[in-house]
Structure formats: C-alpha cells, structure tokens
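*Asks:* After the sequence you'll find the predicted model.
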Amino acid sequence: SFFGHNTMIEGPGMHFKIPFLSQKHVYDSTTKGMPVGYVEGTDESNAEDSLMITSDFNFINIDFYIEYRIVDPIEYCYGSDDPEGVLKNIAQASIRNTVGQYNVDAVLTTGKSEIETKVYEEIIERIEEHHIGISVGNVTIQDSEPPTSEVNDAFKAVETAKQGAETT
C-alpha cells in the first residue's frame, strides 16, 4: 500500500499495471526551453518580465532563454506541484539580481556573456535547494534594448558621441 508514492523506476522490457490501482506517468527527458521576458512564438516582449533596472538606475528590456530538462522524475513528480513555475521564479529572481549589479552600458554591450554566466550559476545554486528534478543546461540573452524608441535613439546618440570623442 504505497498510494501516492513512487515504488520503482522501470527499465526496458514489458511492463504491466493493475488497472485503477496504479498510475503510470511518463516524463519527457529531452531538453526544453523557457523564454523569460518575451513570448516564444511571436517574439513579442513581455514588459512585466523583461523590464529591469540597472545599477546606475536606468531601465532596460532584456530577454533570456533558459534551456532545461528533467533529470530526476521522482523529484519532478513529488518535489513540487509546478516545477517549471519554480524554475521560472528562480530564473526571474536570478536575472533581476544579476542585471541590477551592472550598469546600462555593460548590459547593452560588453557585459552580456558575464551576465549570462552569473545568472546560470545563480540558477544552478538555487535550483539545487528546491529539489524539483530539473537541470539547467544553458542561459542565453536573446535581446537587450532600452525600453522605448526615444531612449534607444538617445542611447545611440550618446554612443556616437563617445566614439567621436575617442576618434578625436
């Protein structure tokens, strides 16, 4: 009488179950992706997730793509009612925490790979504490840009002025 608990993980071969007394859950262990800050099908930005503040108090829209897969079906099934939701919350917190440590220039240009690495490490560290049976494979910045076209134009003008000053 192990109702509601996993009794075994089956290997290859024929398997039978007693109808109505036990259930069989099959989980896909292939790598999946989770967009953070945009809608995957349309690439439309989701401002609630993508709008963040940098260390120099500038706003920026930044989108991430998190690759993950199920590595422990028992923890995945029983560790949480919504393992993907837990992963998304951890990812959003890690992204906001990391982006908030960089200035706007680093987020838009030179600091992207460092930000990706820090976010990845923080997600890995936090996800191990929650035991949800998921492993994160890759964290990628899809896009980072100022929140409005006016701010984007002003940013480009500043960059052009900086390059002109360096050339002079």
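*Replies:* Yep, that arrived.
*Asks:* use CA for all of it now, contacts and neighbours both
*Replies:* OK.
*Asks:* Give me the neighbour count for E121.
*Replies:* A count of nearby residues for E121, using other Cα atoms under 10 Å, gives 15.
*Asks:* Is it correct that it falls within a helix?
*Replies:* Yes. Secondary structure of E121 (DSSP: H, G, I helix; E, B strand; the rest coil): part of a helix.
*Asks:* Next one: it from Q142, what distance?
*Replies:* From E121 over to Q142 the distance is 18 Å, taken as Cα to Cα, to the nearest Å.
*Asks:* can you map out the strands along this structure?
*Replies:* Assigned strands in the chain, in chain order: 32-36, 51-53, 59-70, 134-145 (criterion: DSSP state E).
*Asks:* Tell me how far the shortest one lies from the chain's centre.
*Replies:* This points to strand 51-53. Distance of strand 51-53 from its chain centroid, counting by Cα atoms, centre = their mean, to the nearest Å, is 15 Å.
*Asks:* helices or strands up against that strand?
*Replies:* Helices and strands touching strand 51-53, by 3 or more Cα pairs under 8 Å, 6 or more residues apart in numbering; DSSP states H and E, are strand 59-70, helix 83-99.
*Asks:* which other helices and strands contact the shortest one?
*Replies:* With contacts taken as 3+ Cα pairs under 8 Å, 6+ apart, strand 59-70 sits against strand 32-36, helix 47-50, strand 51-53, strand 134-145.
*Asks:* which parts of the first one are buried?
*Replies:* When neighbours are counted by 16 or more other Cα atoms under 10 Å, the buried residues of strand 32-36 are found to be M34, P35, V36.
*Asks:* and what of the last one?
*Replies:* Judged by neighbour count using 16+ other Cα under 10 Å, the buried positions of strand 134-145 are I134, S135, V136, V139, T140, I141, D143, S144, E145.
*Asks:* The third one and E116, how far apart?
*Replies:* Think V136. Distance from V136 to E116, by Cα to Cα: 13 Å.
*Asks:* Equivalent analysis for T30, please.
*Replies:* 22 Å.
*Asks:* Would you reformat the strands of the chain as JSON lines and include distance to E125?
*Replies:* Formatted as JSON lines, the strands of the chain follow (distance: least, Cα to Cα, whole Å):
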{"stretch": "strand 32-36", "distance to E125": "18"}
{"stretch": "strand 51-53", "distance to E125": "22"}
{"stretch": "strand 59-70", "distance to E125": "14"}
{"stretch": "strand 134-145", "distance to E125": "10"}
